[in-house]
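> Below: sequence and its predicted model.
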Amino acid sequence: MATTRSAPLLKHLLTRLNPSRSVTYMPRPGDGTPRGVTLIPGDGIGPLVTGAVEQVMEAMHAPLYFEKYEVHGDMKAVPAEVLESIRKNKVCLKGGLATPMGGGVNSLNVQLRKELDLYASLVNCFNLPGLPTRHDNVDIVVIRENTEGEYSGLEHEVVPGVVESLKVITKFCSERIAKYAFEYAYLNNRKKVTAVHKANIMKLADGLFLESCREVATRYPGIKYNEIIVDNCCMQLVSKPEQFDVMVTPNLYGNLVANTAAGIAGGTGVMPGGNVGADHAVFEQGASAGNVGNDKVVEQQKANPVALLLSSAMMLRHLQFPAFADRLETAVKKVILEGKYRTKDLGGTSTTQEVVDAVIDALD
Amino acid sequence: MARRSLPLLKHLLLSRRIPARSVTYMHRPGDGSPRPVTLIPGDGIGPMVTGAVEQVMEAMHAPVYFEKFEVHGHMKAVPPEVLDSIRKNKVCLKGGLVTPMGGGVSSLNVQLRKELDLYASLVNCFNLPGLPTRHDNVDIVVIRENTEGEYSGLEHEVVPGVVESLKVITKFCSERIAKYAFEYAYLNNRKKVTAVHKANIMKLADGLFLESCREVATKYPGIKYNEIIVDNCCMQLVSKPEQFDVMVTPNLYGNLVANTAAGIAGGTGVMPGGNVGAEHAVFEQGASAGNVGSDKIREQKKANPVALLLSSAMMLRHLQFPAFADRLETAVEKVILEGKCRTKDLGGTSTTQEVVDAVIDALD
């Protein structure tokens, strides 16, 4: 009785929790022309979640069209026509590509970043309203250097039973990622940048990274800067994540920090992210680009599309379509808040399609 | 009315959750002779927490005596007389040694491990009864390779602005750490060993580590073995830590994983640990050996002695004094459960001395 009668009021209150953003943008003539986006569905759950994005974009009549390509993690290389498409469009949306474990084959995720010099990886880990987590007020952006460090790919067996793996850090790459991090903080009204390192052990390599961060920090006096050793960082992330704002890291640490922060804030299934360089941007699920889900999730078609939907909203903003981005984000958050349609990782039982349909219904 | 139930409640909590262990050991004649232990108070909060151990050992009349040496993190090297003492005693208890950030000086914590070939680092991350955390049923042992990997110390500047840092992995060291991990699991009734790696990227280096783990796993058919990529591992640790039992890792990942797990289970201030090789063992706070606390904690004398007290219990077991170890652990757990005397990191306001006094009072 009380529950049924209260439903309209509850719905009204929920709507108020997500006020429509009334922001006016003045486009230039021709800005509404549909833009081409390279689409790589990828492996495993990739086609499921990219399919979700395609449906929502169509439902919104977003000014995009997709150039779709079959790329799989077990390929030797990213096909030339795919790279050409990304170079032309400058924007790509992709699902995960499985990274084979055997020798000889390089990760295609890594290859893509190097080919296109996507030197910055960005993940935004934040609490979604209505999603119960153990920490509140988490809103962390992890900016990770993408092209060097432990991912140099330089390994060799010195003698049988002894392997050397080269971690390469350069002033050039350290400086540009530091610049990107501070620029990001400046542009997004963030107050603090934290550099994550292990310079107490790798004094030269991580020391060079820190030196670059310190230099760039002096040019942003309005943004606080501090440094944290990566092991303490992991511990602080699980006890007081709200202390972090923007974090800048070398390659491997960023991988670990982003996953930890994503897990703390609600799971990798809902965190948006992407990779960006001077000329191109690739949007994908924020943490674990190599995550293609397990066979069971693929079979039952119960992959969580939220992360990629939110990444797509980032992409729309990147393409200067903020109103469409707002609509998409608002719809996704409405669905999460209502809690009726959620995939298993968020405590629900819905299929991908059910979540997509709910998001489309929630579009204003 | 509810207040009248408190004594009963207290009795139930104490008697049920911490039963006195009535285990009978048959010692050999002479086993009760006092054993010497090298003691390195170290830097910062080190002398405070090692002082706590000294007091409790004396109160228990434990059959150990300490050979105390001044060692500090900014020294060029561990003094030879200290190394001689550890080589003679084969056991050492130490507080943290600060790791300077500048060039030229390597970490003394690392140096100690290399000099004595302490190739395994062990941290036990578990929920202490009465300590509120966001996860229950956490009881993870992280076993980390201690002598190679990213901690090789091999770095050089190729040309100005480009640094190379060598990560060295050998079959020999990988095999022996894998053996230690499975042996540990076998000896401590643990059911599963998880190898943590990034072999999808560093295929040769981490691939060699995995190869070694797989080989050793075949010799322990009663222990389950699986592998996890380190970024997914960080995420799984913060969402479902109870799935892990024993974890074996190369050097750097172990550092990060141990800190994350410690944070999840209750904080680095309460997790015991140590480093062990074929000949020697060094006991210290489990996570963050370089953690010497802040100046404020040192001034106010409010460092948490629990981690080192529990590490000392491990040491007593190592020295074949299990009854003393049981008494010490029981007393510490009693104090934590009662919650009256706790340092700030556990939500209390006590000084180190107050916690020590409470532990001594709780000894049976």
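Yes, it's here. Numbering: from 1, shown residues only, chains lettered A, B, ... in the order given.
> can I assume A:Val282 sits in a strand?
Yes: using DSSP: H, G, I helix; E, B strand; the rest coil, the secondary structure at A:Val282 is a strand.
> quick one, what contacts it?
A:86, A:91-94, A:112-113, A:116, A:118, A:274-276 (Cβ atoms under 8 Å, 6 or more residues apart in numbering or on different chains). To be clear about C-beta, it is placed using only N, CA and C from the backbone, and glycine gets the same treatment.
> Secondary structure, pLDDT and distance to A:Thr260 for those - can I get that in CSV?
Converted to CSV, these look like this (DSSP: H, G, I helix; E, B strand; the rest coil; pLDDT from 0 to 100; distance: Cβ to Cβ, whole Å):
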residue, secondary structure, pLDDT, distance to A:Thr260
A:Ile86, helix, 96, 30
A:Val91, strand, 94, 29
A:Cys92, strand, 96, 27
A:Leu93, strand, 96, 25
A:Lys94, strand, 93, 23
A:Leu112, helix, 90, 24
A:Arg113, helix, 89, 21
A:Leu116, coil, 93, 27
A:Leu118, coil, 92, 22
A:Gly274, strand, 90, 19
A:Asn275, strand, 90, 19
A:Val276, strand, 89, 22
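> Out of these, the closest to A:Lys203 would be?
A:Arg113 (27.1 Å; Cβ to Cβ).
> so that closest one touches A:Arg144, yeah?
No: using Cβ atoms under 8 Å, A:Arg113 makes no contact with A:Arg144, being 10.5 Å away.
> list residues touching both of those two?
A:Ser121.
> Please say which of those two ends up with more neighbours.
More crowded of A:Arg113 and A:Arg144, by other Cβ atoms under 10 Å in any protein chain shown: A:Arg144, with 27 against 24.
> tell me the SS of that one?
Going by three-state DSSP: A:Arg144 is strand.
> Distance of the residue nearest to it when sequence neighbours are not counted relative to A:Leu122?
Spatially, and ignoring its direct neighbours in sequence, A:Arg144 is nearest to A:Gly254 (2.5 Å; Cβ to Cβ, 6 or more residues apart in numbering or on different chains). A:Gly254 is 10 Å from A:Leu122, where distance means Cβ to Cβ, to the nearest Å.
> where does the stretch 101-250 of chain A have low pLDDT?
A:102-105 (pLDDT under 70).
> Strands of that one, start to end?
Counting by DSSP state E, counting those that start in this stretch, one finds strands in the stretch 101-250 of chain A at the ranges A:120-126, A:139-145, A:155-159, A:162-170, A:192-197, A:224-229, A:246-249.
> Would you mind finding the most buried of the ones you listed?
Ranked by average neighbour count under the criterion mean count of other Cβ atoms under 10 Å in any protein chain shown, the strands of the stretch 101-250 of chain A are headed by strand A:246-249 at a mean of 28.
> Which elements pack onto it?
For strand A:246-249, the packing partners by 3 or more Cβ pairs under 8 Å, 6 or more residues apart in numbering or on different chains; DSSP states H and E come out as strand A:139-145, helix A:171-187, strand A:192-197, helix A:251-265.
> tilt between the shortest one and helix A:251-265?
It stands for strand A:192-197. Calculated by axes from the mean of the first three to the mean of the last three Cα atoms, to 10 degrees, strand A:192-197 forms an angle of 130 degrees with helix A:251-265.
> Who are the packing partners of strand A:192-197?
Counting by 3+ Cβ pairs under 8 Å, 6+ apart, strand A:192-197 packs on helix A:171-187, helix A:205-217, strand A:224-229, helix A:230-239, strand A:246-249, helix A:251-265.
> Same list (the strands of the stretch 101-250 of chain A) but as TSV, adding distance to B:Ile336.
Output for the strands of the stretch 101-250 of chain A, formatted as TSV (distance: least, Cβ to Cβ, whole Å):
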stretch	distance to B:Ile336
strand A:120-126	32
strand A:139-145	31
strand A:155-159	46
strand A:162-170	41
strand A:192-197	31
strand A:224-229	27
strand A:246-249	33
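> what about the residue nearest to A:Tyr220 when sequence neighbours are not counted, distance to chain B?
Nearest residue to A:Tyr220, sequence neighbours excluded (Cβ to Cβ, 6+ apart): A:Phe182, at 4.8 Å. Look at A:Phe182 and chain B: by Cβ to the nearest Cβ, to the nearest Å, they are 20 Å apart.
> ok, A:Phe182 - contacts?
Going by Cβ under 8 Å, 6+ apart, the list of residues near A:Phe182 reads A:193, A:216-217, A:219-220, A:223.
> of all these, which comes closest to chain B?
A:Val216 (15.0 Å; Cβ to the nearest Cβ).
> Tell me the residues of the stretch 201-350 of chain A that contact chain B?
Contact residues (Cβ under 8 Å from any Cβ of the partner chain) of the stretch 201-350 of chain A with chain B: A:201-205, A:207-208, A:229-232, A:234-239, A:252, A:255-260, A:262-264, A:267-268, A:287-288, A:290-291.
> Buried residues in stretch A:99-115, which are they?
Residues of stretch A:99-115 classed as buried by neighbour count (16 or more other Cβ atoms under 10 Å in any protein chain shown): A:99-100, A:105-115.
> hey, C-alpha coordinates of that stretch in PDB?
Extracted in PDB, the C-alpha atoms of stretch A:99-115 (Å, rounded to 0.1, in the frame of the first residue of the first chain):
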ATOM      1  CA  THR A  99      46.700 -10.600 -24.700                       C
ATOM      2  CA  PRO A 100      48.100 -14.000 -25.400                       C
ATOM      3  CA  MET A 101      50.600 -15.400 -22.900                       C
ATOM      4  CA  GLY A 102      52.900 -17.200 -25.200                       C
ATOM      5  CA  GLY A 103      56.200 -16.000 -26.500                       C
ATOM      6  CA  GLY A 104      56.700 -14.000 -29.700                       C
ATOM      7  CA  VAL A 105      53.400 -12.300 -29.900                       C
ATOM      8  CA  ASN A 106      53.200  -8.800 -28.500                       C
ATOM      9  CA  SER A 107      50.100  -7.300 -26.900                       C
ATOM     10  CA  LEU A 108      48.000  -5.600 -29.500                       C
ATOM     11  CA  ASN A 109      46.700  -3.200 -26.900                       C
ATOM     12  CA  VAL A 110      50.300  -2.100 -26.400                       C
ATOM     13  CA  GLN A 111      51.100  -2.100 -30.100                       C
ATOM     14  CA  LEU A 112      48.200   0.200 -30.800                       C
ATOM     15  CA  ARG A 113      49.500   2.700 -28.200                       C
ATOM     16  CA  LYS A 114      53.000   2.700 -29.600                       C
ATOM     17  CA  GLU A 115      51.900   2.900 -33.300                       C
END
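> elements contacting the helix or strand containing A:Ala59?
With elements taken from DSSP states H and E, the one containing A:Ala59 is helix A:46-60. Contacts defined by 3+ Cβ pairs under 8 Å, 6+ apart place helix A:46-60 against strand A:35-40, strand A:91-94, helix A:306-318, helix A:322-338, helix A:352-362.
> Does anything pack onto the shortest one? Which helices or strands?
Counting contacts by 3+ Cβ pairs under 8 Å, 6+ apart, the secondary-structure elements packed against strand A:91-94 are strand A:35-40, helix A:46-60, strand A:281-285, helix A:306-318.
> ok, and what's touching that strand?
Contacts for strand A:91-94 (Cβ under 8 Å, 6+ apart): A:35-42, A:46, A:50, A:53, A:66, A:71, A:85-86, A:280-284, A:308, A:311-312, A:315, A:318-319.
> try 7 Å
A:37-40, A:42, A:50, A:53, A:86, A:281-284, A:312, A:315, A:318-319 (Cβ atoms under 7 Å, 6 or more residues apart in numbering or on different chains).
> before we move on, what about the longest one?
Contacts of helix A:322-338 from elsewhere in the structure, counted by Cβ under 7 Å, 6+ apart, are A:14, A:17-18, A:21, A:25, A:56, A:60, A:62, A:128-131, A:306, A:309-310, A:312-313, A:316-317, A:341, A:355, A:358-359, A:362-364.
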